[in-house]
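A.B. asks: sequence-free structure coming up:
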């Protein structure tokens, strides 16, 4: 649950984005610039968190009244080597923040920190990751809570989609690209699993709100509406003109769904509304075609 330290939203003096070159970091950067918020965008070119002296370099660029968004990660972290690399990156960030304590810190985590069968998921659900990627984010959260004394917000997005997604993950991103090329979409089983998918622009808008309210605490980013992968595949095919086949495969794993209770989101930001899936997929398709 979030606690707003600013009763009324206020523009941060400056926001430092660690990982501004990525899918989420880039969207946050664009949103803040659109809002007129000064941004220091740190991509890997400006700050390699795995390089010697990264913590000192980060600390030297921070001011006491900065807000910091930490989103840099090597993802998905599927093995031990990537897990350790991501933890070393987080260690550099925590030491850099300790050297020059900012006014506010926002960490972009993941709903992978929750157990697969946690339904409905709330901010009070037990953290019980079943994947290396989820364990990476849960450990990073613990590191930040232990070492960062500034007000800290942990944001846990569900599955994200948008035109610039670099991972081509199973779901709206991959399905849209296959449908645009009139290629077949292959589902796991019959695509029965229901998941909550969030448009990337909504993540950026929520991060901007959390920064403006100088919020602290834990916050799930999810729409509260779960849709099956088959339905998403069929939407993608329809939007592209209906030239692709949607194919099922023999099921290898049990069917699991994920649903979110977004009561805390409605309380924290009563005026905020998520982008419906149809609209978000259409916008992603339009942006992808123009990029």
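C.D. replies: Great, that's in hand. Computed from a prediction, not measured in an experiment: that's the story for all the values here.
A.B. asks: From here on, just use CA atoms for contacts and neighbour counts.
C.D. replies: OK.
A.B. asks: gap between the residue with the largest distance to the centre of the chain and residue 228?
C.D. replies: Most distant residue from the mean C-alpha position of the chain: residue 243, 31.5 Å away (Cα atoms, centre = their mean). Separation of residue 243 from residue 228 (Cα to Cα, to the nearest Å): 20 Å.
A.B. asks: contacting residues for residue 22?
C.D. replies: Residue 22 is in contact with 43, 72, counting by Cα atoms under 8 Å, 6 or more residues apart in numbering.
A.B. asks: change it to 10 Å
C.D. replies: 28-29, 43-44, 71-73, 164-166 (Cα atoms under 10 Å, 6 or more residues apart in numbering).
A.B. asks: State the pLDDT value of residue 290.
C.D. replies: pLDDT for residue 290: 50.
A.B. asks: same question, residue 254
C.D. replies: 88.
A.B. asks: surely it meets residue 117?
C.D. replies: No - with contacts counted by Cα atoms under 10 Å, residue 254 stays clear of residue 117, the gap being 11.3 Å.
A.B. asks: out of the two, which sits in the busier spot?
C.D. replies: Neighbour totals were compared for residue 254 and residue 117, and residue 117 leads with 12 against 8 (other Cα atoms under 10 Å).
A.B. asks: helix, strand or coil for that one?
C.D. replies: coil (DSSP: H, G, I helix; E, B strand; the rest coil).
A.B. asks: can you tell me how far it sits from residue 233?
C.D. replies: Distance from residue 117 to residue 233, by Cα to Cα: 24 Å.
A.B. asks: got it, and residue 196?
C.D. replies: Applying Cα to Cα to residue 196 and residue 233 gives a distance of 14 Å.
A.B. asks: before we move on, the earlier item: and the buried ones among the contacts of residue 22, selectable in PyMOL?
C.D. replies: To isolate the buried members of the contacts of residue 22 in PyMOL, using 16 or more other Cα atoms under 10 Å:
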select buried, resi 28+29+43+71+72+73+164+165
